[in-house]
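S.K.: Take this sequence and fold it.
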Amino acid sequence: MTLPKALPKDLIDQLLADYKKPEDLIGENGLLKQLTKALVESALQAELAEHLGHSKHEAVTNSTGNARNGKSRKTLKGEFGELPIEIPRDRDGSFEPQLIPKHQTW
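M.R.: Predicted coordinates:
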């Protein structure tokens, strides 16, 4: 996967539209935490789709019949404080997340 070198300026402007003070960006419920949560959870969903061989809401295409089976909660801990995220699960428990491995908090 190749990422663009810079985010589009209009996207940044849109994200910062309600910015008034530093807490809006780096506070407990600030934009950085919200973006981190959204990006991590989306990446984990992509990892699960790759593992299963099909995207969410598509027919099960793997020979084992393995499919999504809800989510479990995990709290990431880092310089940004604590961040609750949801980790997707599969029915047979064979999904091993790469971004945040099982039993790790980052």
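S.K.: For this protein, just list every one of the helices.
M.R.: For the chain, helices defined by DSSP state H occupy the ranges 9-15, 22-26, 31-52.
S.K.: could I get the ones you listed as TSV with mean pLDDT, distance to Asp92 and mean neighbour count?
M.R.: C-beta: built from backbone N, CA, C; applies to glycine. Shown next, in TSV, are the helices of the chain (pLDDT from 0 to 100; distance: least, CB to CB, whole Å; neighbours: other CB atoms under 10 Å):
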stretch	mean pLDDT	distance to Asp92	mean neighbour count
helix 9-15	94	38	10
helix 22-26	94	40	12
helix 31-52	95	10	15
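S.K.: do you know which of the ones you listed lies nearest Ser94?
M.R.: Closest approach to Ser94 among the helices of the chain (CB to CB): helix 31-52, 7.4 Å.
S.K.: Name the residues that touch that closest one?
M.R.: 15-16, 19, 24-26, 55-56, 60, 62, 66-68, 76, 80-81, 83-88, 90, 94-100 (CB atoms under 8 Å, 6 or more residues apart in numbering).
S.K.: Dump the C-alpha coordinates for that helix into PDB.
M.R.: C-alpha atoms of helix 31-52 as PDB (Å, rounded to 0.1, in the frame of the first residue of the first chain):
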ATOM      1  CA  LEU A  31      -8.700  15.300  17.100                       C
ATOM      2  CA  LEU A  32      -5.400  13.300  17.400                       C
ATOM      3  CA  LYS A  33      -7.000  10.700  19.700                       C
ATOM      4  CA  GLN A  34     -10.000  10.400  17.500                       C
ATOM      5  CA  LEU A  35      -7.900  10.000  14.400                       C
ATOM      6  CA  THR A  36      -5.700   7.400  16.000                       C
ATOM      7  CA  LYS A  37      -8.700   5.400  17.100                       C
ATOM      8  CA  ALA A  38     -10.300   5.600  13.700                       C
ATOM      9  CA  LEU A  39      -7.100   4.700  11.800                       C
ATOM     10  CA  VAL A  40      -6.200   1.800  14.100                       C
ATOM     11  CA  GLU A  41      -9.700   0.300  14.000                       C
ATOM     12  CA  SER A  42      -9.900   0.700  10.200                       C
ATOM     13  CA  ALA A  43      -6.400  -1.000   9.800                       C
ATOM     14  CA  LEU A  44      -7.500  -3.900  12.000                       C
ATOM     15  CA  GLN A  45     -10.700  -4.300   9.900                       C
ATOM     16  CA  ALA A  46      -8.500  -4.400   6.800                       C
ATOM     17  CA  GLU A  47      -6.200  -7.000   8.400                       C
ATOM     18  CA  LEU A  48      -9.300  -9.200   9.300                       C
ATOM     19  CA  ALA A  49     -10.600  -8.800   5.700                       C
ATOM     20  CA  GLU A  50      -7.300 -10.000   4.400                       C
ATOM     21  CA  HIS A  51      -7.200 -12.900   6.900                       C
ATOM     22  CA  LEU A  52     -10.800 -14.000   6.000                       C
END
